[in-house]
Structures are given as structure tokens and as C-alpha cells.
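1. A structural model of the following input is requested.
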Amino acid sequence: MVTGFSSRGPNAVVPELLKPDVISPGLNILAAWTGSGDDIPLYKKNHNYRFLSGTSMATPHVAGIAALIKKKHPSWTPAMIRSALMTIARTLDNMERDILDDGFRVATPFAAGAGHVHPQLAMDPGLVYDAGARDYVDGGEPTSEEC
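-> Below you'll find the model as predicted:
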């Protein structure tokens with residue numbers, strides 16, 4: 001499910017950028033806690049871990065997957081890694097049902113992007129697309145590379 005507080009596309013400044021690219025776990029993630037914020041009443045207990053939610057919880061999942069892909073394919077550009085993540089993303093949940101937007105209706109690409117990331121599949125997606133600065137500026141055709 002895509003949470004109600006997740007960002008939605010298209011990008012407000014540049015509508016041609018359809019965001020998000022993908023979604024990843026970001027709700028009630030068990031995270032290490034430094035103790036910072038213990039002055040907040042909700043967090044007064046002295047524990048090393050907290051359940052946290054938000055982009056700051058989802059982003060490390062995707063960054064970690066991207067690092068693993070880069071390790072396996074050191075010559076890949078950031079655009080190729082993004083392509084791998086997006087082309088293997090799924091629009092079905094772990095019960096093979098449509099991903100829902102805040103639990104009520106089927107999530108659109110403006111809420112879920114290409115879908116939920118799948119690390120194992122991203123390692124060998126079969127085909128990735130590369131893009132450089134020129135592709136974003138003048139709409140040039142991206143190149144592709146078979147894995």
C-alpha cells in the first residue's frame with residue numbers, strides 16, 4: 001500500500017518529470033536510534049531502536065539496492081541502475097493484488113511510479129536503458145544495453 005503521506009507526481013516544478021520512480025518500504029520501519037529526539041515526549045524512553053516512517057525510511061532501501069547493483073555491474077551508469085529498478089518493479093503486492101493507494105483504491109503511476117522494487121530481479125533485469133544529460137535536455141532517444 002502507498003501511504004497517504006507519500007509524495008505524488010507529477011513534479012510540481014517540472015511536470016514533465018513523472019515521480020515517483022518506484023516505491024519501497026517506508027512505513028513503521030524498525031530503525032536504529034541515536035537517542036537524538038529523546039526530548040520529544042513520544043520518544044522519552046531510552047531505546048536503541050524506533051519504528052519510524054517516511055521517505056527517510058524508504059530511501060535507504062533503494063540506495064542499498066542501487067549499491068548492490070553497482071557492485072555487480074560496475075560499468076553501469078546511474079540511469080542504467082534506475083532503469084533496472086524501474087523495469088522490474090511490480091504493481092502487485094505480496095498477495096498478487098493491485099497495490100492500493102492509502103488502502104482504498106488502486107494506486108496510479110502518480111502514486112506508485114513503476115511499482116514496488118524487487119532487489120533480486122534488479123540484479124539481472126534483462127535490459128537496461130542508459131541516459132545522459134542530453135537525453136533529459138532535448139528529448140533524445142535513450143540507448144539500451146542487454147544484461
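
2. What ranges does this structure have for its helices?
-> Counting by DSSP state H, residue ranges of the helices within the chain are 55-72, 78-87, 109-112, 119-122, 133-138.

3. Which among those is found nearest to residue 15?
-> For the helices of the chain, proximity to residue 15 was assessed by Cβ to Cβ; helix 109-112 is nearest, at 11.0 Å. C-beta coordinates here come from the backbone N, C-alpha and C atoms, glycine included.

4. Name the residues that touch the closest one?
-> Contacts made with helix 109-112 from outside it, assessed by Cβ atoms under 8 Å, 6 or more residues apart in numbering, are listed as 2, 6, 8-10, 18, 20, 22-23, 91, 99, 101.

5. what does stretch 48-64 give?
-> Under the criterion Cβ under 8 Å, 6+ apart, residues 3, 5, 7, 22-33, 43, 85, 117 lie in contact with stretch 48-64.

6. do the same with stretch 80-89
-> With Cβ under 8 Å, 6+ apart as the criterion, stretch 80-89 contacts 21-23, 62, 65-66, 69-70, 73, 76, 113-118, 121-123, 125-130, 145.

7. Just the buried ones from those, in ChimeraX syntax?
-> With 16 or more other Cβ atoms under 10 Å as the criterion, this ChimeraX line picks the buried residues out of the contacts of stretch 80-89:
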select :21,22,23,62,65,66,69,73,76,113,114,115,116,117,118,122,123,125,128,129,130
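
8. lowest-confidence helix or strand of this protein?
-> Taking all helices and strands of the chain together, the one with the lowest average confidence (mean pLDDT, DSSP states H and E) is strand 143-146, at a mean of 62.

9. Tell me the spacing between residue 54 and residue 89.
-> When Cβ to Cβ, to the nearest Å is the yardstick, residue 54 and residue 89 sit 20 Å from each other.

10. Show me where the chain dips below the pLDDT cut-off.
-> Regions of the chain meeting the criterion pLDDT under 70 cover residues 35-47, 138-147.

11. and if we set it to 90?
-> Judged against pLDDT under 90, the low-scoring parts of the chain cover residues 1, 3-20, 24-61, 93-94, 102-104, 131-147.

12. Neighbours of residue 32, how many?
-> 8 (other Cβ atoms under 10 Å).

13. Find the nearest non-adjacent residue to it, please.
-> Spatial nearest neighbour of residue 32, excluding adjacent residues (Cβ to Cβ, 6 or more residues apart in numbering): residue 49 at 6.0 Å.
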